[in-house]
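**Q** Sequence first, then the predicted structure, then my questions.
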Amino acid sequence: MKMRKIILTTVLLLFVQQNFAQKATVAAADKQYDRYAYIEAIATYERVASKGYKDEKMFQKLGNAYYFNANLEKAAYWYGELFAMNGDQPAEYCYRYSQALKSIGDYIKADKISSLFAKKASSDQRAILYSNDKKYLEEIQSNAGRFLIEDAGINSEYSDYGTAFSSDNLVFASARDTIGVSKKVFKWTNQSFTNLYSAQVQADGKLAEPTRFSKKINSKFHESTPVFTKDGTTMYFTRNNYLDGKRGKDSERITLLKIYKATKVDGEWKNIIELPFNSDSYSVAHPALNPDNSELYFASNMPGTLGQSDIFKVTINSDGTYSTPINLGNTINTEGRETFPFIAEDNELFFASDGRPGLGGLDIYRTKIGASTSTSFEEITNMSMPINSPQDDFALFMDSKSRIGFFTSNRTGGKGYDDIYKFSEVPCKQSLSGLITDAESNDILADAIVNLYDKNHKLLFNSKSDVNGIYNFAIDCGKTYIVEAKKEHYESNEDFVVIPKVTGDSKLPLKLTKDGCHLVVGADIAKCFGIKLIYFDLDKSFIRKDAALELEKILDVLKQYPTVKMDIRSHTDCRQTAKYNEALSDRRAKSTMAWLIKNGVEANRLTAKGYGETQLVNDCGCEPTNESSCTEEQHQMNRRSEFIVTAID
């Protein structure tokens, strides 16, 4: 018994010691995590987790470490472990988990977690955008295939990203290390700090082997995302807080990002200065110039930021000074990350965001800057596949005329951590066609006039439907059109159609309703002109006063159309014998015919026949008992006369 107690005490002591050791190891990893040494922290956390140790805070940080390193697949795994341990997580973890789930293609579960996020943070712009656009995936997929992409041909096994043209050279950032054996490592990613590289565009359009861009620009810390003025004499670029050998740090001793400016003197980049709205306390990065170089856009987490990073702009004054930064507002920015802006020649603004419904990670979006103010924007759209993927896609740069450009992605199948891809827009061709038919008979309507209008009802083209009732227009992709069809004796009809942004054939059929009665052989004059049915009293054949009023209308039609000939067809209800009813209806037909002749219609234009109870309009038959349970009103419907056109001379 004593020995058993000793054994149990020893096992318990070992367990406590092991648990204490694991907690001590996790505490060491937490310090690495707090210093943004995510790769080292991940290795330590996973080593502890592999021994079966589970801790909610540790799983949160493991998921975050992978998430912040854009390894969303691994982030999805560890967030999954976190939610399995405790599903009631803060809203931000719900958002990150949903983004990570998208990266592995699990959009169904991602949407469930997004709905949970929306409940927890209903006033968050990201939640509002998701709640207002539950069919975002269908919309994105419907616009897929507009671009062709390929490896840019300059990628390494390390991170390569962010492009701009300087003359005939493509300038980009890369973590490749080309100098010496030793290299300075950025602990966040465990890769070298990035420098700017340049690759010349060759005659065949391909890029030459990259070389370091400029010794004056590149430092021992990060340089990235350059942009050049149109005259090629000024560049703005991102660098860690480092200038003239001095490294700046924030209150936590972290070296953040700043935007610097350099000028070209005698073919060399010199006079490097930092921009006045930089700060040691927040990051400013990824500059972009508007078409006339009068405004500079950038990403920052400076005071006034709505989310993790927002897009701002400043005006570049004629004297070289800058206005106070202006946040582009919540039309563009969310509580997530908005970053890597680019403005094309036609004032299209492209930016990356993980705060909008997308395919996963950062997606690239486009909008157009409003004509009235540079902080008003048109509809924001996802660039769709293949530019966007379930992973991070960002740093788009393009030529507005050729629609050829570059973007960066860490998608599966790449060469390194981040890779640069070249893209070209597939010319979009759309046609709009439709069938014009009679709304009542569905008959094909040839030679109908068809007008095509823009969304403001400005006439663009007109055409006619062919012998098969078909019209056809060649139209632009991604626009809204109005189609109007007209034809003699028909009311005009119009409808609008939104054309997809991909090549295809759009359809818009139109039906036309007759604008009144146009007599043809076989038409019922009463029905055609909306004249009430001519009814008779039970077992009577004389013309009632109300019937005489309607016959006056028939008489008026016959006078308007003097070449029309007509057959008067009279009917009875089922009561009485069939033979009796046939004779009664015949008397009614003849009575109606006599009334018309008496009032001026030529006898040779009229014929009359009774059909008795053989053509009832309801289920009020009496055979074989000669009895019926129908009401008097129902029987009355069968006691009628019809006026059928037999000829038009």
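**A** All right, it came through fine.
**Q** In three-state terms, how would Ala65 be classified?
**A** The assignment at Ala65 comes out as helix when based on DSSP: H, G, I helix; E, B strand; the rest coil.
**Q** what about it, how many neighbours?
**A** 27 (other CB atoms under 10 Å). Heads up, the C-betas are built off the backbone N, CA and C, glycines and all.
**Q** again, but for Glu379
**A** Glu379, neighbours per other CB under 10 Å, totals 7.
**Q** Contact partners for it?
**A** Going by CB atoms under 8 Å, 6 or more residues apart in numbering, Glu379 touches Thr367.
**Q** swap in the one 4 residues further on?
**A** With contacts defined as CB under 8 Å, 6+ apart, the neighbours of Met383 are 147, 350, 363-366, 393, 396.
**Q** Weed out the non-buried ones from those.
**A** With burial judged by 16 or more other CB atoms under 10 Å, the buried subset of those is 147, 350, 363-366, 393, 396.
**Q** Could I get those in JSON lines, plus columns for pLDDT, secondary structure and distance to Ala173?
**A** Shown next, in JSON lines, are the buried ones among the contacts of Met383 (pLDDT from 0 to 100; DSSP: H, G, I helix; E, B strand; the rest coil; distance: CB to CB, whole Å):
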{"residue": "Phe147", "pLDDT": "90", "secondary structure": "strand", "distance to Ala173": "23"}
{"residue": "Phe350", "pLDDT": "97", "secondary structure": "strand", "distance to Ala173": "18"}
{"residue": "Asp363", "pLDDT": "97", "secondary structure": "strand", "distance to Ala173": "21"}
{"residue": "Ile364", "pLDDT": "97", "secondary structure": "strand", "distance to Ala173": "17"}
{"residue": "Tyr365", "pLDDT": "97", "secondary structure": "strand", "distance to Ala173": "22"}
{"residue": "Arg366", "pLDDT": "95", "secondary structure": "strand", "distance to Ala173": "23"}
{"residue": "Asp393", "pLDDT": "97", "secondary structure": "strand", "distance to Ala173": "16"}
{"residue": "Leu396", "pLDDT": "97", "secondary structure": "strand", "distance to Ala173": "15"}
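**Q** Distance-wise, check the most centrally placed residue in the chain relative to Asp133.
**A** Centre of the chain computed as the mean C-alpha position; nearest residue by CA atoms, centre = their mean is Glu139, 3.9 Å away. Noted for Glu139: a distance of 7 Å to Asp133, by CB to CB, to the nearest Å.
**Q** Isn't Asn317 up against Thr324?
**A** No: assessed by CB atoms under 8 Å, Asn317 is found out of contact with Thr324, at 11.5 Å.
**Q** ok so, going back, please identify which of the buried ones among the contacts of Met383 is nearest to Lys264.
**A** Leu396 (25.4 Å; CB to CB).
**Q** what sits against that closest one?
**A** Contacts of Leu396 (CB under 8 Å, 6+ apart): 340, 342, 350, 352, 364, 383, 387, 405-407.
**Q** Kindly report the same for Ser628.
**A** Ser628 is in contact with 574-575, 620-622, 635, counting by CB under 8 Å, 6+ apart.
**Q** From those residues, list the buried ones, please.
**A** Buried residues within those, defined by neighbour count using 16+ other CB under 10 Å: 574-575, 620, 622, 635.
**Q** And these, which is closest to Thr513?
**A** Out of those, the member with the shortest distance to Thr513 (by CB to CB) is Cys620, at 31.9 Å.
**Q** hang on, the closest one in a strand?
**A** No: using three-state DSSP, the assignment for Cys620 is coil, not a strand.
**Q** List the contacts of it.
**A** Counting by CB under 8 Å, 6+ apart, Cys620 touches 573-574, 628, 630, 634-635, 637-638.
**Q** One more: Gly80?
**A** Contacts of Gly80 by CB under 8 Å, 6+ apart are Tyr97.
**Q** And Gln634, by the same measure?
**A** Gln634 neighbours (CB under 8 Å, 6+ apart): 618, 620.
**Q** How about the contacts made by the closest residue in space to Asp419 that isn't next to it in sequence?
**A** Sequence neighbours aside, Asn155 is the residue nearest to Asp419 in space, at 4.5 Å (criterion: CB to CB, 6 or more residues apart in numbering). Residues counted as contacts of Asn155 (CB under 8 Å, 6+ apart) are 414-416, 419-420.
**Q** Name the helix or strand for Asn638, please.
**A** Assigned by DSSP states H and E, Asn638 belongs to no helix or strand.
**Q** actually Met593, not the one I typed
**A** Per DSSP H and E, Met593 falls inside helix 578-598.
**Q** Give the partner strands of the next helix or strand after that helix in its sheet and their orientations.
**A** Remark: after helix 578-598, the chain's next helix or strand is strand 606-610, criterion DSSP H and E. As defined by DSSP bridges, the strand partners of strand 606-610 come to strand 564-570 (parallel).
**Q** Now the contacts of Leu396 in a markdown table, please, with extra columns for distance to Glu440.
**A** A markdown table is the format used below for these (distance: CB to CB, whole Å):
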| residue | distance to Glu440 |
| --- | --- |
| Phe340 | 58 |
| Phe342 | 55 |
| Phe350 | 51 |
| Ala352 | 55 |
| Ile364 | 51 |
| Met383 | 46 |
| Ile387 | 49 |
| Gly405 | 54 |
| Phe406 | 58 |
| Phe407 | 54 |
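**Q** Show me what the mean pLDDT comes to for the helix holding Met593.
**A** Across helix 578-598, the average pLDDT comes to 87.
**Q** How about stretch 633-641?
**A** Taken as a whole, stretch 633-641 has a mean pLDDT of 81.
**Q** Just the CA atoms of it, as PDB, please.
**A** What follows is stretch 633-641, C-alpha atoms only, in PDB (Å, rounded to 0.1, in the frame of the first residue of the first chain):
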ATOM      1  CA  GLU A 633     -76.300  32.800 -63.300                       C
ATOM      2  CA  GLN A 634     -74.300  29.800 -64.600                       C
ATOM      3  CA  HIS A 635     -77.000  28.800 -67.000                       C
ATOM      4  CA  GLN A 636     -77.300  32.400 -68.200                       C
ATOM      5  CA  MET A 637     -73.700  32.200 -69.400                       C
ATOM      6  CA  ASN A 638     -74.700  29.600 -72.000                       C
ATOM      7  CA  ARG A 639     -77.600  31.600 -73.300                       C
ATOM      8  CA  ARG A 640     -75.600  33.800 -75.600                       C
ATOM      9  CA  SER A 641     -74.800  34.900 -79.200                       C
END
